[in-house]
Structures are given as C-alpha cells and as structure tokens.
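> Need the 3D shape of this:
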Amino acid sequence: MKKYFTNLVIIMALSILFIGCSNEENEIKVETLDSSKDAKRIADIINSGTEGIPFPEGSKVFKKSEDNFEIRLPKDFYFLISELDSNGNSSHRAIAEISDVSVTCSCTKGSGCSPVKAQGEYYCVMNSGCTTCTMSTARIGTKQNIKILGIIDYNMGVSFVSESKSLLTSSKNKIISKSISEHFLNKTEVKKALLEFYSVIYDKNIPSFITENKNPPAGYSFSKVNLFGNEIMVPVKSNSFSTELGISEIDDAAVTCSCSSGSGCVKKSFMGAKYCDAGSCTKCTLND
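Got it, this is the predicted structure:
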C-alpha cells in the first residue's frame, strides 16, 4: 500500500510538471523592430493609425491559436482597461486592472497577420499575403472586448527622471507610456502617491497652486517625473533640484503634446502637473 501511494505521488508530481512545461512551451518570442534598420516598417505602423499595446520589459507572449495570443505582464504591472459594448464604445463605469490580456491578430483580406514589438508597444502587422490586418483585445477566458486605457507599474512609484542615481530618481528607460488616461490619474493610490511626492520635494509645505490645480507663479519650472511608469511634468522651484539630482527644468510653454496618428493628445493639468490626454490619438507623445 505504501508503495502504491508513493507511486501515485510521483505520477501526480510528474503530471503537474508536464502541464507547467506544456504551458511554457507555448511562449513565443515577439519580433522586435529596430528603430534604425526597421524605420520604414515602424513609420508604416504609426501612420496606419493602429493603437499599440504597452509592452514593458519582462512581458511574455503565449500563442493560443493561429491568430490568438496572450500577453502576460511582469509582476505588479497591470493594464487599466474598460469593457466595450456591442457597438464598440467604452464603458467608463467598468474600469478594472488586469495583468494579462487576450489579443487577436486578424487578417480580413488575404492571410498572414502576426505580432511585433516596436517602440515598447505590441502591434499586429501584415505579412506578405495580407492586405488588411486588425487587432482586438479581450479579457482572457471571455469574449468580452476591452479597451486598454493605460498601464500601471506598482514597482515604480513616483520619481524624477534622471540618470543620476538617487532615492528620488529613476532612469528614462523606466518610462512605459508618454500619455495618460484621466482614469489612471483619478485612482486613489495614484493621487495619494503624487501628494506624498509633493510633500517630500516641498518639505511638507505643498504650495496652494498645486492643491487648487492652478498654473504656478513666477519662479517655478517643470521637471519630468515617472508616475507608476507614466510620464508627467511636475512643478518645482527653479534651480532647486537641477544641480543636485541632474534633472532638467523647462517652462510651462515648452511642455507640449503631439499626435502622430489620429486626433486628440491634449495638454492638461492635474494637481499642478502637466500631462498628455491621448483622446482619440493612437500615438500621443509628451514633448519636453
């Protein structure tokens, strides 16, 4: 009897190991386009108006069928999503965080539509036999289509963007998104973290123009900040951190938003900070 149970345990352990290995065998390496060698392909993707999916370092892709894939984010990374109704409209009443998403690359004319990574985002692109390629996203295990509103890196917190190493800084390659959804900014933990950051850099004496969300008076500039993986510009007293932390400071007028495909990408304010609201723009960039 003892031998029977020992064999049973071994069989169960091997079964679990086999299932785990089988799942990992479905992982694929997504082609990464080089900004120099593949400049034309990248430009074609951007100009097509296709909206990419944030794809931070450490993300994995698993092939589920010929045209369906799953993206799994690294630990403590989440997509901020809203569900779409039958007409394809976003329901902002149902905002959620998910760590993985189902992506379907469909060739509606011809055949051959596959994933690539370009400029830190995931896209579906046409192969030689395809003339029209579309991408759709859904919750895994359901047919509920979703819209990805942004991404949150809870490992990151809030920090100035600088190559100088400090408890208050992080390098520019930690930035995942250069545009932000207002739904992201309105999250309780995001507002709390930004207020705590202000409290540190203003020595617990946060100026009233910040809490009232007004433009700063003379004597202030803007510096780039990483807010849970998203780029914003926060007001700082001019020349207060530039030397010590090696951060750049610019005037409000120099902070602009540009849309390379679609429409929207508007410069807005939130708790004194400046950010770009993508709107209907599929490639919205904060310029500084």
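
> In which helix or strand does residue 210 reside?
helix 208-211 (DSSP states H and E).

> what's in contact with the next helix-or-strand element following that helix?
Using DSSP H and E, the helix or strand that follows helix 208-211 in sequence is strand 220-227. Outside strand 220-227, the residues within contact range by Cβ atoms under 8 Å, 6 or more residues apart in numbering are 156, 158-161, 170, 172, 174-175, 180, 190, 193-194, 197, 231-238, 241-242, 247-252, 254-255, 273-274, 288. For the C-beta atoms, the positions are set from N, CA and C on the backbone; glycine is no exception.

> how far does the helix holding residue 210 sit from the chain's center?
28 Å (Cα atoms, centre = their mean, to the nearest Å).

> List the buried residues for that helix?
residue 210 (16 or more other Cβ atoms under 10 Å).

> what's the answer for stretch 167-176, then?
In stretch 167-176, counting by 16+ other Cβ under 10 Å, buried: 168-170, 174-176.

> Looking at the residues you listed, spot the one nearest residue 125.
Among the buried residues of stretch 167-176, residue 176 lies closest to residue 125 (Cβ to Cβ), at 20.9 Å.

> which residues does residue 158 bridge with?
Note on residue 158: beta-bridge partners by DSSP bridges are residue 227.

> Check residue 259 too.
residue 284.

> And it, what's its pLDDT?
Looking at residue 259, its pLDDT reads 89.

> how many neighbours does it have?
19 (other Cβ atoms under 10 Å).

> Could you double-check that it lies in contact with residue 265?
Yes: using Cβ atoms under 8 Å, residue 259 is in contact with residue 265, at 3.6 Å.

> which one of the buried residues of stretch 167-176 sits closest to residue 95?
Looking across the buried residues of stretch 167-176 and measuring by Cβ to Cβ, the closest to residue 95 is residue 176, at 18.4 Å.

> Assess the claim that that closest one and residue 54 are in contact.
Yes: between residue 176 and residue 54 there is a contact under Cβ under 8 Å: 5.4 Å.

> Now the common contact residues for those two.
Joint contacts of residue 176 and residue 54 (Cβ under 8 Å, 6+ apart) are 120, 151.

> Helices of the stretch 1-150 of the chain, residue ranges please.
Here the stretch 1-150 of the chain has its helices, by DSSP state H, counting those that start in this stretch, at 2-25, 39-47.

> And the last one, how far out from the chain middle?
In other words, helix 39-47. Distance, centroid of helix 39-47 to centroid of chain: 20 Å (Cα atoms, centre = their mean).

> Using CSV, list the CA coordinates for it.
C-alpha atoms of helix 39-47 as CSV (Å, rounded to 0.1, in the frame of the first residue of the first chain):
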residue,chain,number,x,y,z
ALA,A,39,12.4,52.7,-39.6
LYS,A,40,10.1,52.4,-42.6
ARG,A,41,8.1,49.5,-41.0
ILE,A,42,7.7,51.4,-37.8
ALA,A,43,6.6,54.5,-39.7
ASP,A,44,4.0,52.5,-41.6
ILE,A,45,2.6,51.1,-38.3
ILE,A,46,2.4,54.5,-36.7
ASN,A,47,0.9,56.1,-39.9
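
> what packs against it?
Judged by 3 or more Cβ pairs under 8 Å, 6 or more residues apart in numbering; DSSP states H and E, the packing partners of helix 39-47 are strand 113-118, strand 121-126.

> how about it: buried residues?
42, 45-46.

> Show me the beta-bridge partners of residue 137.
Beta-bridge partners, per DSSP bridges, of residue 137: residue 103.

> Would you confirm that it contacts residue 52?
No: Residue 137 is beyond contact range of residue 52, at 11.1 Å (criterion: Cβ under 8 Å).

> Quick check: the residue lying closest to residue 131 once chain neighbours are set aside vs residue 49, distance?
With sequence-adjacent residues excluded and distances taken as Cβ to Cβ, 6 or more residues apart in numbering, residue 131 is closest to residue 109, at 4.4 Å. Distance, residue 109 to residue 49, by Cβ to Cβ, to the nearest Å: 17 Å.
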